[in-house]
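Novice: Predicted model follows, preceded by the sequence.
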Amino acid sequence: GDAVLCQVVDHYENPRNVGSLDRNAKNVGTGLVGAPACGDVMKLQVEVDENGKIVDARFKTFGCGSAIASSSLATEWVKGKTVDEALKIKNTDIAKELCLPPVKLHCSMLAEDAIKAALADYKLKQDPKKEEPEKKA
């Protein structure tokens, strides 16, 4: 049988990785997403090493317990992954892991959006002048 072992209580009561990274650091990506309808705002930051691996993640979430638990789980999951691997994290996986009720699925979507936003910000910082030729002759 597929026993449903919910992580949710633990991530509600003991959120991981709460806090901030230096948003000006070149190797830190910051994603800020919100769902105005329910008042949830989620800030998720990733720190990426020179090999493209996420070595740290932090979040600050203003919202319901499900939003906090979703972002807490998201920071745990992205750590140790490469940027490309982290982009594959799906809100459905987060929702399943946390046993979110259907009414709270937007919280897991927010967490997925926050990861993607943070990684996009990081990528932008790595290559701010993409349109310019690589080498000056």
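Specialist: Nice, I can see it.
Novice: helices and strands of this protein: which one bottoms out on pLDDT?
Specialist: helix 8-13 (a mean of 78; mean pLDDT, DSSP states H and E).
Novice: Please pull up the helix or strand immediately following it.
Specialist: strand 28-35 (DSSP states H and E).
Novice: Partner strands of that following strand, with direction?
Specialist: Using DSSP bridges, strand 28-35 pairs in its sheet with strand 40-48 (antiparallel).
Novice: what about stretch 94-103, start to end distance?
Specialist: 14 Å (CA to CA, to the nearest Å).
Novice: wait, I meant stretch 35-49
Specialist: End to end - CA to CA - stretch 35-49 spans 30 Å.
Novice: In that stretch, which residues are buried?
Specialist: 35, 38, 40-48 (16 or more other CB atoms under 10 Å). For every residue, glycine as well, the C-beta is placed using N, CA and C.
Novice: now do stretch 58-71
Specialist: Buried residues in stretch 58-71 (16+ other CB under 10 Å): 58-61, 63-71.
Novice: Please name the residues that touch the residue positioned nearest the centre of the chain.
Specialist: The structure's the chain has its C-alpha centroid closest to residue 115; by CA atoms, centre = their mean the separation is 3.1 Å. Counting by CB atoms under 8 Å, 6 or more residues apart in numbering, residue 115 touches 31, 44, 46, 74, 78, 86-87, 89.
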